[in-house]
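A.B. asks: Any chance you could fold what I've pasted below:
(2 chains)
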2 protein chains.
Amino acid sequence: MRKLGLIAGNGKFPLIFAEQAKLEGVSLVAVAHRGETPKAIEKVVDAVTWVYVGELGKIIRTFHQAGVKEAVMAGGIQKVKLFSNFRPDLRGAAFLARMKSREDDQLLRGVAGELEGEGIRVLESTLFLSQIMPPKGVLTRRSPTPEQWEDIRIGFETAKEVGRLGVGQTVVVKNRVVLAIEAVEGTDAAIRRGGVLGKKGFVVVKVSKPQQDLRFDVPAVGVDTIRILSELKGAVLAIEAGKTILLEKEELLGEADRKRIVVAAVSF
Amino acid sequence: MRKLGLIAGNGKFPLIFAEQAKLEGVSLVAVAHRGETPKAIEKVVDAVTWVYVGELGKIIRTFHQAGVKEAVMAGGIQKVKLFSNFRPDLRGAAFLARMKSREDDQLLRGVAGELEGEGIRVLESTLFLSQIMPPKGVLTRRSPTPEQWEDIRIGFETAKEVGRLGVGQTVVVKNRVVLAIEAVEGTDAAIRRGGVLGKKGFVVVKVSKPQQDLRFDVPAVGVDTIRILSELKGAVLAIEAGKTILLEKEELLGEADRKRIVVAAVSF
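C.D. replies: Residues are numbered from 1 along each chain as shown, chains lettered A, B, ... in the order given. Modelled structure (predicted):
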C-alpha cells in the first residue's frame, strides 16, 4: 500500500485530496494545522497529528516516525496568521530566520526544500485531482454575454499580474471596471467587497499565478464561492482552465445552474 | 485677471487648489459634482455650477458662457458612482458610448479631449501646487527603520504595478507581506482593511501611476490619512516624491509627529 504524508492547510482542499487519495488506495499520514485545517480531516485520513503554524520540526519528526518518504501539501495557510497564530518550534524559527522573503511561494518552496533535505519528496497536490481541474469551456447551462466575456478577460489579465507579484489571485470586475483585488483578506472577502461596490451582475475571476508551482496551494473554488455570488447577485465565476480546482464540482455546478450563475474555465 | 475653469471632483484637493489659485490672483469658474465635491467649494471660488456625474454638455456650456479658455480638473470621481449616481446628459451619454475603456485615465483623457475640441485647454492640476509635492526625503522627526524601508520598497513596487494596470495606487505592507491592495474602494478603506489584518506597525505606500498624467486626479493624502493610521496604530506613510500631493501639509506633519508616525517622500 502506498503511504503518503499530507501537510494539511485550511479550507476543503485537504479533505477532498484525502478522499481522492483513499479512492486510489493510498494510506495517508496527515499533519494538520491548528486554527487552519477543518476538524473533519480526522475522519478521512489514517493518522493525524495536530501542529501549530510554524512547527516544522514536529512535522518532520511525525513523518520520520511513520516512515513517510513522499508528501503532499494541500490547502493554504493564512499568512495573516504570521501575525497572530504563529508558534514556530526551534526548527521552524531557524527556517524563518534564514528565509529572506515572506512571499507565500518562497516560504512553501523553502519548506519543501527542508523536507526534501530530510529524504521526504514533495509531490504535486493535484496528484489525484485531474478530473476536478476543468479544461477550457463553459461548465453551466448559461454562458457569458459578450460584455461578460470582456469583463472576464480584463479580470484574467489583472489577476495574472497581481499573481505574478505573489499577492493574490482573485479579481472582481463589472462593466470593465476592476472593483476589488485580493491581497491577504482571502477570496471570499475580496468577492464580498467587490460585490457590494458593484451591485448585481459582477464577474469574479480566479486564476493561478503565472509562476504557480502545482505542489503548493493550488487555487480552488467551492460551493461556498457560488453561495457568495448568489447572495450578492453576482453573474459569473471564471476560473483558469487546467490550473484551478473545482471543489465539490457536481454540487457547485448544480447550485450555479439553480441560481443562474455562469461558471466557466478560461484561459487567454 | 487670469480666468480658469475648475472641474471639481471629490475630496479636499479642489478646495486646496482653489485656495492656492486665489493666492495667485486667479479667477475661478467652478463646475462641482453632486455627491462628490464638498459644499465648501462654494466659498472659495468665484462662481459654481452643480452638475451630476456625467453631465458633460452642461460643463461645456457653463465654461462657454463664462468665457473660460483654460481649465483644470482637481479631485477624483468615484468610479463606483458609474453604477449608482451617474446621470449623463446627451453629450455625456454620447461620449461614454464612444469610449471603449472605462479605465479612469482613459475616461479623463477622453473628457479632456472633448473640452479641447471646444477650445478649452486642460492644464495640469498641479499648476500652483509644487510646494505641496514634496521632493525625496523623510518629512517627520522620526525616520523609517531598516525593516520599514524594506516594507516601503515592497509596497512601492507593488503599487506601481497595480497603478500600471490602472486600478489603484495604495498598498499596505507589514513584515514584507502585502496586506491590502486598493481597487475601487478608495485609499481609506484599503488602509483600514490592511491595518485590521496587520495589526499595529503597518506601512502604507501611495504612489502615482507610472503613466500618471498630471492633468488628472493626482494622488493626494491629507490629515485624515494620518488619523486613520493613528487610529489603527500604523507606523509609516510613504508617498511618491514629486508626484503625490500632501494636502494640509503643516497640519498633517504636525499630527504625524504627535502620533509618532513616519511620513516619507520616496522613489526607487
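
A.B. asks: tell me what the strand or helix carrying residue A:31 is packed against?
C.D. replies: Assigned by DSSP states H and E, residue A:31 belongs to strand A:27-33. In this structure, strand A:27-33 packs against strand A:3-8, helix A:13-23, helix A:41-44, strand A:47-51, helix A:56-66, with contacts taken as 3 or more Cβ pairs under 8 Å, 6 or more residues apart in numbering or on different chains; DSSP states H and E. Yep, even glycine has a C-beta here, placed from its N, CA and C like the rest.

A.B. asks: Could I get the buried residue list for that strand?
C.D. replies: A:28-33 (16 or more other Cβ atoms under 10 Å in any protein chain shown).

A.B. asks: mind listing what the nearest residue to residue A:164 once chain neighbours are set aside touches?
C.D. replies: The shortest distance from residue A:164 to any non-neighbouring residue, by Cβ to Cβ, 6 or more residues apart in numbering or on different chains, is to residue A:210 (5.1 Å). Contact analysis of residue A:210 by Cβ atoms under 8 Å, 6 or more residues apart in numbering or on different chains lists A:160, A:163-164.

A.B. asks: try residue A:114
C.D. replies: Per Cβ under 8 Å, 6+ apart, neighbours of residue A:114: A:56, A:60, A:91, A:95.

A.B. asks: so which helix or strand takes in residue A:110?
C.D. replies: With DSSP H and E as the criterion, residue A:110 is inside helix A:104-117.

A.B. asks: After that helix, which helix or strand is next?
C.D. replies: Per DSSP H and E, the helix or strand that comes after helix A:104-117 is strand A:121-123.

A.B. asks: buried set for that following strand?
C.D. replies: Those would be residue A:122, for strand A:121-123 by 16+ other Cβ under 10 Å.

A.B. asks: strands paired with it, and their directions?
C.D. replies: Strand A:121-123 pairs in its sheet with strand A:70-74 (parallel), by DSSP bridges.

A.B. asks: now the strand it pairs with and helix A:104-117, what's the angle there?
C.D. replies: Here the directions of strand A:70-74 and helix A:104-117 differ by 160 degrees (axes from the mean of the first three to the mean of the last three Cα atoms, to 10 degrees).

A.B. asks: and residue A:266, how far is that from chain B?
C.D. replies: 18 Å (Cβ to the nearest Cβ, to the nearest Å).

A.B. asks: Next one, pLDDT for that residue please.
C.D. replies: Model confidence at residue A:266, given as pLDDT, is 97.

A.B. asks: sorry, back to before: hmm, who's touching the strand holding residue A:31?
C.D. replies: Contacts for strand A:27-33 (Cβ under 8 Å, 6+ apart): A:1-10, A:14, A:18, A:21-22, A:41-42, A:44-53, A:58-59, A:62-63, A:66, A:68, A:77.

A.B. asks: Only whichever of the residues you listed are buried, select them in PyMOL.
C.D. replies: Only the buried entries of these go into this PyMOL selection, using 16+ other Cβ under 10 Å:
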select buried, chain A and resi 3+4+5+6+7+8+9+10+14+18+21+41+44+45+46+48+49+50+51+52+53+58+59+62+63+66+68+77
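
A.B. asks: With adjacent residues omitted, what lies nearest to residue A:62?
C.D. replies: Per Cβ to Cβ, 6+ apart, closest to residue A:62 is residue A:49, 4.6 Å.

A.B. asks: now swap in residue A:150 and tell me
C.D. replies: Residue A:150's closest residue in space is residue A:176 (Cβ to Cβ, 6+ apart), at 6.3 Å.

A.B. asks: secondary structure class for residue A:254?
C.D. replies: Put simply, residue A:254 is helix when judged by DSSP: H, G, I helix; E, B strand; the rest coil.

A.B. asks: Distance of residue A:92 relative to residue B:179?
C.D. replies: To residue B:179, residue A:92 is 22 Å away according to Cβ to Cβ, to the nearest Å.

A.B. asks: and the two? which has more neighbours close in?
C.D. replies: residue B:179 (29 against 22; other Cβ atoms under 10 Å in any protein chain shown).

A.B. asks: Does that one touch residue A:189 like I think?
C.D. replies: No: taking contacts as Cβ atoms under 8 Å, residue B:179 lies outside contact range of residue A:189: 11.9 Å.

A.B. asks: The nearest residue to residue A:37 once chain neighbours are set aside bridge partners, please.
C.D. replies: Residue nearest to residue A:37 in three dimensions, not counting chain neighbours: residue A:8, with 4.4 Å by Cβ to Cβ, 6+ apart. Per DSSP bridges, the residues bridged to residue A:8 are residue A:32, residue A:74.

A.B. asks: roughly how far apart are residue A:8 and residue A:140?
C.D. replies: For residue A:8, the distance to residue A:140 - Cβ to Cβ - is 30 Å.

A.B. asks: How is chain A partitioned into domains?
C.D. replies: A:3-123, A:131-266 (automatic domain parsing).

A.B. asks: Ok, which of those domains comes nearest residue B:86?
C.D. replies: domain A:131-266 (10.6 Å; Cβ to Cβ).

A.B. asks: Over to that closest one now: how far is its first residue from its last?
C.D. replies: Counting by Cα to Cα, to the nearest Å, you get 16 Å between the two ends of domain A:131-266.

A.B. asks: Figure out how far that domain is from the centre of its chain.
C.D. replies: 13 Å (Cα atoms, centre = their mean, to the nearest Å).

A.B. asks: Point out where chain A drops to low pLDDT.
C.D. replies: A:79-84 (pLDDT under 70).

A.B. asks: how about the residues of it near chain B?
C.D. replies: Contact residues (Cβ under 8 Å from any Cβ of the partner chain) of chain A with chain B: A:79-80, A:82-84, A:101-103, A:157-158, A:161-162, A:165-168, A:172, A:174-185, A:193-194, A:197-199.

A.B. asks: Might one say that the residue nearest to residue A:150 is in contact with residue A:154?
C.D. replies: Yes: using Cβ under 8 Å, residue A:176 is in contact with residue A:154, at 5.9 Å.

A.B. asks: count of residues packed around the nearest residue to residue A:172 once chain neighbours are set aside?
C.D. replies: Spatial nearest neighbour of residue A:172, chain neighbours left out: residue A:194 (2.6 Å); criterion: Cβ to Cβ, 6+ apart. When neighbours are counted by other Cβ under 10 Å, residue A:194 registers 29.

A.B. asks: My guess is residue A:194 contacts residue B:183. True?
C.D. replies: Yes: between residue A:194 and residue B:183 there is a contact under Cβ under 8 Å: 7.4 Å.

A.B. asks: Which residues are in contact with each of these two?
C.D. replies: By Cβ under 8 Å, 6+ apart, the residues touching both residue A:194 and residue B:183 are A:172, A:179-180.

A.B. asks: Among the residues you listed, which lie within helices?
C.D. replies: Nothing among those maps onto helices, per DSSP state H.

A.B. asks: Just list the residues touching the most centrally placed residue in chain A, thanks.
C.D. replies: Centroid check for chain A by Cα atoms, centre = their mean gives residue A:219 as the closest residue, at 3.7 Å. Counting by Cβ under 8 Å, 6+ apart, residue A:219 makes contact with A:169, A:206-208, A:212, A:239-240, A:243-245.
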